[in-house]
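Chemist: Structure of the sequence below:
(one chain, ligands or ions: 1)
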Amino acid sequence: MLNKKEIRSLEREFGFRLQKKLGQNFLIDDNIKDKLLNAADFKIDDIVLEIGSGLGQLTADIASSVKKVIAVEYDKKLFSILRSALKDNRNILLVHEDFLKFDLKSFLRDDEKLKIFSNLPYYVSTPIILKLFAHVRYIDCAYLTLQKEVALRLTAKPGSKEYGSLSLYAEYHCMVERLFDISRNSFYPVPKVDSTTVLMKMKEGADDRKIDKNDLFELIRAAFSTRRKTLINSLLAREYKKLSRSELSDILKKVDIPLNSRAETLCLTDFIKIYESIRKR
Ligand code: SAM
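Modeler: Numbers count the residues shown, from 1 in each chain. Predicted coordinates:
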């Protein structure tokens, strides 16, 4: 694995500077690399999509144990370095693209699913996670290294201060497990925050439920728009579906949810019940 000095000398040799705005904090700790690869425990039939391969710190190692790696990197300069470094690896497909625009299913046969692996660029970690959820049917699982604070939000339970719409998005689509924390000093340049690696196991059939996800999550976002207010007051403040106080009270009564509940005390099943009760009106 490249160390700090070697990354600096690549910067000089190829005439580029690591870009903070693209979340370029590279892993420089061999122990953590081993820990990540052991945790992922990839198999020879796996197709792995790596988001943000950077200088390929992990890409070739992953490729040595799987069928195929699709490595997506947005930065043009890094991509050209990556291309020359990995040119002999026949099972690595390099894609120079913004992952948010990448057509994730284009390289898959109908019976195939991806395993995602990424040390995420922090500036865009939530949009990337939401994109993964939008493509849940094409994904088996995801090993993501992200800001500790985002990992806490992803795994938060009702009643905690981190609990919010991201926790509910996660619960809807997958089982999330926090695997281990990583000190900021394992990266170069050193980021401002520590990281956590999470495993998301996507739920089979998450998208087959008879639920309009957009509608459900519109409700959830409206419910969390003002955390200190009761659910009814938050929905009224957002003019959610133009429902009146008495209509909202009736809806909550029908599904046995106390009228003074706040969003942060409700679980996913509660929100689904409220959503269905609104839909049936
Ligand atoms: N995989 C390397 C590692 O672990 O050391 C680099 C990880 S670094 C935190 C994030 C990488 O994502 C950088 O190489 C950055 O250029 C790339 N990146 C940033 N935005 C991206 C995007 N929208 N799509 C794909 N890659 C992106």
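Chemist: beta partners for residue 94?
Modeler: Beta-bridge partners for residue 94, by DSSP bridges, are residue 71.
Chemist: quick one, what contacts it?
Modeler: In this structure, residue 94 makes contact with 53, 71, 73, 79, 82-83, 86, judged by Cβ atoms under 8 Å, 6 or more residues apart in numbering. C-beta here means a position set from N, CA and C on the backbone, and glycine is covered the same way.
Chemist: what about 10 Å?
Modeler: The neighbourhood of residue 94, defined by Cβ atoms under 10 Å, 6 or more residues apart in numbering, consists of 50, 53, 56, 59, 69-73, 79-80, 82-83, 86-87.
Chemist: now swap in residue 6 and tell me
Modeler: 28, 55, 188.
Chemist: any idea how far residue 26 is from it?
Modeler: Residue 6 sits at a distance of 10 Å from residue 26 (criterion: Cβ to Cβ, to the nearest Å).
Chemist: Pull up the overlap in contacts between those two.
Modeler: In contact with both residue 6 and residue 26: 55, 188, using Cβ under 10 Å, 6+ apart.
Chemist: What segments of this structure are helices?
Modeler: Using DSSP state H, the helices of the chain run over residues 4-14, 30-40, 59-63, 76-85, 125-134, 148-155, 165-173, 213-223, 231-237, 245-254, 268-280.
Chemist: For residue 193, find the nearest of these.
Modeler: When those are compared by Cβ to Cβ, helix 148-155 sits nearest residue 193, at 6.4 Å.
Chemist: Contact residues of the chain facing the ligand?
Modeler: Contact residues of the chain with respect to the ligand, defined by Cβ under 6 Å from any ligand atom, are listed as 22-27, 51-54, 57-58, 72-75, 78, 98-100, 119, 121, 124.
Chemist: at 5 Å instead, please
Modeler: 22-27, 52, 54, 57, 74-75, 98-99, 119, 121 (Cβ under 5 Å from any ligand atom).
Chemist: and the residue of the stretch 151-281 of the chain nearest the ligand?
Modeler: When scored by Cβ to the nearest ligand atom, the stretch 151-281 of the chain has residue 187 as its residue closest to the ligand, at 7.2 Å.
Chemist: Next, work out how far apart that residue and residue 146 are.
Modeler: Counting by Cβ to Cβ, the separation of residue 187 from residue 146 is 12 Å.
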